[in-house]
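Participant: This is a predicted model, with the sequence first.
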Amino acid sequence: MDTTPLRGSFFLRVYITMISRFFNLLYGSTSVQFESQYPLDESVSRLAGKVKPATLFNFSEQCAVGTVTEKRVSICRKIPFVRNSWKPCFVGAFELDGDKTILKGQFGFSSSTKISMSFYFGIIILWTIFAAVSVASESLTDLYFPLAGVALFGVATAGMISGKRSARKDVDWLSTRISDALQTHSDGT
């Protein structure tokens, strides 16, 4: 009995799963919403009071950094002396739902990280393809050219996973800061 079609479909499913996991790693985001107990204007000002503007060299302690307006909210966690391009940032906007003010948005990589990593991975993929074609048409003795592209892809993916793992608590930290700004506490603040 020939099982070639079954093996082919298995490897195709594995390949598709790997690609979808990679795209989810780079482009995936988590949708969230925060309900405010305050009117829209007060919600914007309360959250803006908890978020520092993004400037250079003025952070002596960890803080939420970004911009807060009614139409756009963009917040990241800033830790002094730590640089992590793979940290999650919150991007969203305030919406009114009847008499409720809701902040809706997503946690994910910044746009600049997505763009630069897409460019980087694109260059690596092109390098690997052109190197493989060149080696296949010339001789197999220079096999290390396409393998260098595969290795660079693996190193970049491992770096991205490591950076994302080191920032795994940032979503909870930012969610707590946003919720604190938009909710009334037992002491009336």
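Facilitator: All right, it came through fine.
Participant: Show me where the protein dips below the pLDDT cut-off.
Facilitator: For the chain, the stretches flagged by pLDDT under 70 are 1-8, 56-59, 140, 184-189.
Participant: try 90
Facilitator: Along the chain, the parts satisfying pLDDT under 90 run over 1-29, 52-64, 78-87, 97-100, 109-113, 130-150, 159-160, 163-164, 166-168, 183-189.
Participant: Dihedrals phi and psi, F109?
Facilitator: Phi and psi for F109, reported as degrees, to the nearest 10, are phi -70, psi 160.
Participant: Nearest residue to it in space, please, no chain neighbours.
Facilitator: W86 (6.3 Å; C-beta to C-beta, 6 or more residues apart in numbering). Every C-beta, even on glycine, is put in place using the N, C-alpha and C of the backbone.
Participant: Is there a neighbour count for that neighbour? I'd like the number.
Facilitator: 20 (other C-beta atoms under 10 Å).
Participant: tell me the SS of it?
Facilitator: coil (DSSP: H, G, I helix; E, B strand; the rest coil).
Participant: correct me, but it touches A158?
Facilitator: No. Between W86 and A158 there is no contact under C-beta atoms under 8 Å: 11.7 Å.
Participant: quick one, what contacts the residue nearest in space to the middle of the chain?
Facilitator: The centroid of the chain falls nearest to F109 when counting by C-alpha atoms, centre = their mean (2.1 Å). Residues counted as contacts of F109 (C-beta atoms under 8 Å, 6 or more residues apart in numbering) are 26-27, 29, 85-86, 88-89, 117.
Participant: on that earlier part again, Provide the backbone phi and psi angles at the residue nearest to F109.
Facilitator: Dihedral angles of W86 (phi, psi; degrees, to the nearest 10) stand at phi -100, psi 20.
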